[in-house]
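Participant: A predicted structure for the sequence below; I have some questions about it.
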Amino acid sequence: MSIIKAQEKKPIGLRANKFKQILAFYLLYVFVGGIFLFALPQRPMSEEVSPLNMQDFSSFESGLDRVILIDEGEQSIAFRLDLIRQAEGTLELAYHSLHKGVVADVFYGALLEAADRGVEVKIIMDGIFHRLYGSMRGLRYALEAHPNIEFRLYEPFHLYKPWRWNNRLHDKIMVVDGEIALISGRNIGNRYYLAEDLTKEFVLDLDVVVFTNDGQNPHSAVHQMNEYFNLLWNHPFTQNMRFKLTSRRQARGEKLSESLVTAVTTIRSDYSVGFSDLQTLQERCIPVERIKLIHNPISRGKKEPWVWASLVHLAHEAKDSIVVQSPYIIPTKGMLGYLKAESLAGKEVTLLTNSLASSPNLFGVAGYKGKRNFLGNWATEIWEYYGPGSLHGKAVLFDDNLSAVGSFNMDARSSFLSTETMLIIEGNEFNQYLRSILNKHAEYSQPILSSKQSPPAPLHKRIIAGTVRVFSWFVDYLL
C-alpha cells in the first residue's frame, strides 16, 4: 500500500512543479514584454513628423472658434448634461475611466436619454480602466442593448500580449453634432465634479468647451477633434467587445436604463446652470484667435512623443515666461532628450504640482520628488499644492498669449505610452483667465525653492513615498 501511495503522490508533485515552471516563465515573459522593452532607448522621431509648426499654426484662419474655460466641478457636470441635452444628431465621446457614483449615473442617464430621442451616440473607453465590470456591468448591458448607442473599447486587456498593457487611452473628449467639442482632464466620477466631496479625494481640474462657426473647416478645433475621434473609432486597436446579450442581460440593461433616465430627469434641476439654449451658452464664450489640437500617434510600444515635442517646441519659442500645472512632473532621460536647457535661460519658468501632502498618487509624487532637485536647476520657482483636494488639471502658459489645456501629464507615460490630446489656444484673454485660475491654486501652495521646505505630509505617506522613491528611479519611464 505504501508503494501505491507513493506513486499516487508523485504525479501531484510533478504537476505542482510544472505549474511553478509555467508561472515563472510567464512572469519572466511579462517582465520582458511589459516592462523591459519599454526601458530601451526611444528611437528619434521620424523626420516627416515634426513638432507643432507655429508658422503653420499662425496661418490658421482666425475667429472660427470661441471657448469657455471651466474649473468648477459642479459647473463642469452641469455643462456636460446641458450639452448632451442639446444634442440633435450625434454625440461622440472618448474617456479613460468611469467611477461608480451619482455622477456616472446622471452622465450615462443623459446619454441614454439622448439616444432615446434619436441621437446617435458613440462611446470609446479604455480597454482596461473602463471599470464596466462587477456591479457596473449592468451599465454596459444598458449601452449595448440600445439601438442608438455604439460602445467600443480601446486596446482591451490581452493576457498573452503584455506589450499592449501600456497602450492606454487617456483622452477625455466629447463632440456634439460636429459643432461643439469639450476637452478635459476629468474622468467620470464623483471626485472630479462634486463640491461636497471637497476632501482629500476631490480633484481640481480644467475643461475647455469649444464652439465653432464652421465645423467643416479644418482650421476649427471642433473639426480637428472630430477627426481625431474618428481616427480612434476606426482604428484596429479599438474593438467592439460586445457581450452576448441574453434575455436576462437585456432585461437588466433595460431596467437600469429606465432608472438612469429617471434619475437624470430628477437631478437635472440641482445641477442646472441656468442655460436654456445654445445661444445663451455661447454668450459666456471667450474670444480666441486660433486653436490647434495636438495628439500622440495611435501606436503600440514607445510612441513618438508628438505632444511632448510640441510643448517643448513652444517652450523654446517663448520669449519671457512659461507656467506649467501638472498633477506630477517627472522628467525622464527620454523626455529631456527633446529639451534644450539653454533655451530656457533668462525665462521665468514656474511649475505648479501636487505636494506629498495632497497627492493621492504616491508613485507619481515619489517619482517627482526624485527629480525635484534637478527641476530646481532650471525652474524659477516650484509651487507644491497642499489642498484642499489635489490638482488634476493639465495646463501650460507660454508668455501672455498662448496656452495649452488637455489630458497630458508631464511624465513619460503621457509622453511615450498613452493616447493624449491638448488644445493649443492663441488668445490673450483666455491666457489671462487661465492664469487667474492657476494663481488661485498657487494661493494654497508652498514655494519650495524660496522657502526650502515642502508642505507637511502625514508620516505614513512619507514612509510609503520614501520607499517607493527608491524603486521609481528604475521604472520612471512607466510612471
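Facilitator: Cool, the structure landed. Residues are numbered from 1 along each chain as shown.
Participant: quick one: low-confidence parts of the stretch 1-150 of the chain?
Facilitator: For the stretch 1-150 of the chain, applying pLDDT under 70 flags the ranges 1-10, 13, 46-55.
Participant: before we move on, what about the stretch 201-350 of the chain?
Facilitator: Across the stretch 201-350 of the chain, the ranges flagged by pLDDT under 70 are 268-281.
Participant: go again with 80.
Facilitator: For the stretch 201-350 of the chain, the stretches flagged by pLDDT under 80 are 201, 241-244, 266-283.
Participant: tell me where it has strands.
Facilitator: For the stretch 201-350 of the chain, strands defined by DSSP state E, counting those that start in this stretch occupy the ranges 203-204, 207-212, 238-239, 286-287, 290-295, 321-325, 348-354.
Participant: now render those strands as JSON lines, adding distance to Val475 and mean neighbour count.
Facilitator: Every C-beta, even on glycine, is put in place using the N, C-alpha and C of the backbone. JSON lines is the format used below for the strands of the stretch 201-350 of the chain (distance: least, CB to CB, whole Å; neighbours: other CB atoms under 10 Å):
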{"stretch": "strand 203-204", "distance to Val475": "24", "mean neighbour count": "24"}
{"stretch": "strand 207-212", "distance to Val475": "31", "mean neighbour count": "24"}
{"stretch": "strand 238-239", "distance to Val475": "28", "mean neighbour count": "17"}
{"stretch": "strand 286-287", "distance to Val475": "41", "mean neighbour count": "15"}
{"stretch": "strand 290-295", "distance to Val475": "25", "mean neighbour count": "23"}
{"stretch": "strand 321-325", "distance to Val475": "23", "mean neighbour count": "22"}
{"stretch": "strand 348-354", "distance to Val475": "20", "mean neighbour count": "22"}
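Participant: looking at those strands, which is closest to Asn17?
Facilitator: strand 238-239 (37.5 Å; CB to CB).
Participant: paired strands for that closest one, with orientation please.
Facilitator: Neighbouring strands of strand 238-239 in its sheet, by DSSP bridges, are strand 149-154 (antiparallel).
Participant: so which residues make contact with the strand it pairs with?
Facilitator: For strand 149-154, contacts defined as CB atoms under 8 Å, 6 or more residues apart in numbering pick out 94, 111-112, 115, 120-127, 130, 140, 143-144, 168-169, 232-233, 235, 237-242, 419.
Participant: which of those residues are buried?
Facilitator: 94, 111-112, 115, 121-127, 130, 140, 143-144, 168-169, 232-233, 235, 237-238, 419 (16 or more other CB atoms under 10 Å).
Participant: and this protein, what are its domains?
Facilitator: When the chain is parsed with automatic domain parsing, its domains come out as 2-34, 64-282, 291-478.
Participant: which one of the strands of the stretch 201-350 of the chain lies closest to Ile463?
Facilitator: Nearest of those to Ile463, taken as CB to CB: strand 348-354 at 18.0 Å.
Participant: show me where the stretch 51-200 of the chain has its helices.
Facilitator: For the stretch 51-200 of the chain, helices defined by DSSP state H, counting those that start in this stretch occupy the ranges 54-58, 73-86, 102-116, 137-145.
Participant: try the stretch 201-350 of the chain
Facilitator: Going by DSSP H, counting those that start in this stretch, the stretch 201-350 of the chain shows helices at 221-234, 247-267, 278-282, 306-317, 333-336.
Participant: buried residues in the longest one?
Facilitator: Taking 16+ other CB under 10 Å as the neighbour-count basis, helix 247-267 is seen to contain the buried residues Arg249, Arg252, Gly253, Leu256, Ser257, Leu260, Val261, Ala263, Val264, Ile267.
Participant: same for it, what does it pack against?
Facilitator: helix 102-116, helix 137-145 (3 or more CB pairs under 8 Å, 6 or more residues apart in numbering; DSSP states H and E).
Participant: just the angle for the first one relative to strand 149-154, thanks.
Facilitator: Same thing as helix 102-116. Helix 102-116 and strand 149-154 are oriented at 130 degrees to each other (axes from the mean of the first three to the mean of the last three CA atoms, to 10 degrees).
Participant: also the last one?
Facilitator: Inter-element angle recorded for helix 137-145 and strand 149-154: 120 degrees (by the same axes, to 10 degrees).
Participant: how about residues contacting helix 137-145?
Facilitator: Helix 137-145 is contacted from outside by 104, 108, 112, 123, 132-133, 149, 151, 242-243, 245, 249-250, 252-254, 256-257, 260, using CB under 8 Å, 6+ apart.
Participant: repeat that for 7 Å
Facilitator: With contacts defined as CB atoms under 7 Å, 6 or more residues apart in numbering, helix 137-145 is touched by 108, 112, 123, 132, 149, 151, 242-243, 245, 249-250, 252-254, 256-257.
Participant: what do you get for the longest one?
Facilitator: Where contact means CB under 7 Å, 6+ apart, the residues beyond helix 102-116 that reach it are 77, 80-81, 84-85, 87, 91, 98, 121, 139, 142, 146, 148-149, 188-190, 193-194, 257, 260-261, 263-264, 267.
Participant: among those residues, the buried ones, what's the PyMOL command?
Facilitator: In PyMOL, this line selects whichever of the contacts of helix 102-116 come out buried by 16+ other CB under 10 Å:
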select buried, resi 77+80+81+84+87+91+98+121+139+142+146+148+149+188+189+190+193+194+257+260+261+263+264+267
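Participant: burial count for the closest residue to Gly301 other than its chain neighbours?
Facilitator: In space, and not counting its chain neighbours, Gly301 is closest to Trp163: 6.5 Å by CB to CB, 6 or more residues apart in numbering. Using other CB atoms under 10 Å, the number of residues around Trp163 comes to 16.
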